[in-house]
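Novice: What follows is a predicted structure for the sequence shown.
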Amino acid sequence: MHPILKLIAQRVALGIMLLFAASILIFAGTMMLPGDVAQQILGQSATPESLANLRRELGLNEPPVSRYFSWLGGFLTGDLGTALTNGRDIAESLGSRLSNTLFLAFWAAVISVPLAIFLGLLAVRYKDRWPDKLISAVTLTTISIPEFMIGYVLIYWISIQLGWFSSVAIINDGMSLWQKLNAIAIPVMVLTLVVLAHMMRMTRAAILNVMQSAYIETAELKGMRMLSIIRKHAFPNAIAPIVNVVMLNLAYLVVGVVVVEVVFAYPGMGQYLVDHVSKRDVPVVQACGLIFAAVYIGLNLIADIVSILANPRLRHPK
């Protein structure tokens, strides 16, 4: 087998094993939560007979191992079960919520990824000069502030003081694309500020590392302009670590948006998860947790594969 195909197969197998391990941790973690699900649903006034009947109906009397494999088998076939609090199909409820989260993450990525790469290239071009120092100072400041604080500050200035955008990011299928973009403007700004610094600094560090190579010195001796050297030689050879950090931040944009969705009352998966955690709706928590884990592991797997494909020593082995 070609070395590059072998490495990709190993990464895919490792990703599947990690997802399986994550499913075990999620199931075990939800099972160890304090309290009684049946008691939570029926309330404190429920009789012992009704509690016993509900536990039997929910399968709570079965051994944990059989319950785990039953849950995992249902997940793999698209059956996520029903929510305990309202009896609605979880897969149906999650469909619109997941699409809303992906919609928010997509537009945050559209702005943050090109901007981070551009700022990283700009910082390299003017290394140790005022543009580099200014970019580093601003991005370090934003990454040091919690996202909920950035959200509240932007709500105060942009929504309340200036009145440009709404402080509540509510979207629905009946809205046009422009109306949706107007509604999510402030959450997108928050997410962009949160992930921008990490991607920019990693882009800067990766390119500066490549700039120390001998072929960069040769290009400088040939009289090439610094911008051309960065664009033609440094950036293409630094693409692997840049892709890794971009994918990590894309994973955060999907998985780590819980706080932002709660702050702006955005109808995404994060808000859906928080609502049902407070109600101790275990099937919903399990489904959301495994979907978040699958997205995170999947994006990291894509980053690994791109890094492998971008490595010329693996593409053209001796």
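Specialist: Good, I have the coordinates.
Novice: All the helices of the stretch 51-200 of the chain, residue numbers only.
Specialist: Secondary structure of the stretch 51-200 of the chain by DSSP state H, counting those that start in this stretch: the helices cover 64-76, 90-125, 130-144, 147-154, 177-183, 185-210.
Novice: Could you save these as JSON lines and add columns showing mean neighbour count and distance to Ala293?
Specialist: Heads up, the C-betas are built off the backbone N, CA and C, glycines and all. Formatted as JSON lines, the helices of the stretch 51-200 of the chain follow (neighbours: other CB atoms under 10 Å; distance: least, CB to CB, whole Å):
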{"stretch": "helix 64-76", "mean neighbour count": "14", "distance to Ala293": "11"}
{"stretch": "helix 90-125", "mean neighbour count": "19", "distance to Ala293": "14"}
{"stretch": "helix 130-144", "mean neighbour count": "14", "distance to Ala293": "25"}
{"stretch": "helix 147-154", "mean neighbour count": "17", "distance to Ala293": "21"}
{"stretch": "helix 177-183", "mean neighbour count": "14", "distance to Ala293": "27"}
{"stretch": "helix 185-210", "mean neighbour count": "22", "distance to Ala293": "20"}
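Novice: which one of the ones you listed lies closest to Gly289?
Specialist: With CB to CB, the closest approach to Gly289 among these belongs to helix 64-76: 10.9 Å.
Novice: CA atoms only for that closest one, dumped as CSV, please.
Specialist: Provided in CSV are the C-alpha atoms of helix 64-76 (Å, rounded to 0.1, in the frame of the first residue of the first chain):
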residue,chain,number,x,y,z
PRO,A,64,-26.4,-0.3,31.4
VAL,A,65,-24.5,-2.3,28.7
SER,A,66,-27.6,-3.4,26.9
ARG,A,67,-29.0,0.2,27.1
TYR,A,68,-25.7,1.6,25.7
PHE,A,69,-25.7,-0.7,22.7
SER,A,70,-29.4,-0.1,22.1
TRP,A,71,-28.8,3.7,22.2
LEU,A,72,-25.7,3.5,19.9
GLY,A,73,-27.5,1.2,17.4
GLY,A,74,-30.4,3.6,17.3
PHE,A,75,-28.0,6.6,16.7
LEU,A,76,-26.2,4.8,13.9
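Novice: if we can go back for a sec, could the helices of the stretch 51-200 of the chain go into JSON lines alongside distance to Met226 and mean pLDDT?
Specialist: JSON lines is the format used below for the helices of the stretch 51-200 of the chain (distance: least, CB to CB, whole Å; pLDDT from 0 to 100):
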{"stretch": "helix 64-76", "distance to Met226": "52", "mean pLDDT": "81"}
{"stretch": "helix 90-125", "distance to Met226": "6", "mean pLDDT": "84"}
{"stretch": "helix 130-144", "distance to Met226": "13", "mean pLDDT": "82"}
{"stretch": "helix 147-154", "distance to Met226": "34", "mean pLDDT": "84"}
{"stretch": "helix 177-183", "distance to Met226": "37", "mean pLDDT": "84"}
{"stretch": "helix 185-210", "distance to Met226": "11", "mean pLDDT": "82"}
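Novice: Including distance to Ala169, could the ones you listed go into a markdown table?
Specialist: Output for the helices of the stretch 51-200 of the chain, formatted as a markdown table (distance: least, CB to CB, whole Å):
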| stretch | distance to Ala169 |
| --- | --- |
| helix 64-76 | 29 |
| helix 90-125 | 8 |
| helix 130-144 | 20 |
| helix 147-154 | 10 |
| helix 177-183 | 5 |
| helix 185-210 | 5 |
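Novice: Which one of the ones you listed lies nearest to Leu84?
Specialist: Using CB to CB, the nearest of the helices of the stretch 51-200 of the chain to Leu84 is helix 90-125, at 9.9 Å.
Novice: got the angle between the closest one and helix 130-144?
Specialist: 150 degrees (axes from the mean of the first three to the mean of the last three CA atoms, to 10 degrees).
Novice: name the helices or strands packed onto helix 90-125?
Specialist: Applying 3 or more CB pairs under 8 Å, 6 or more residues apart in numbering; DSSP states H and E, we find helix 90-125 packed against helix 130-144, helix 185-210, helix 239-255, helix 269-278, helix 282-309.
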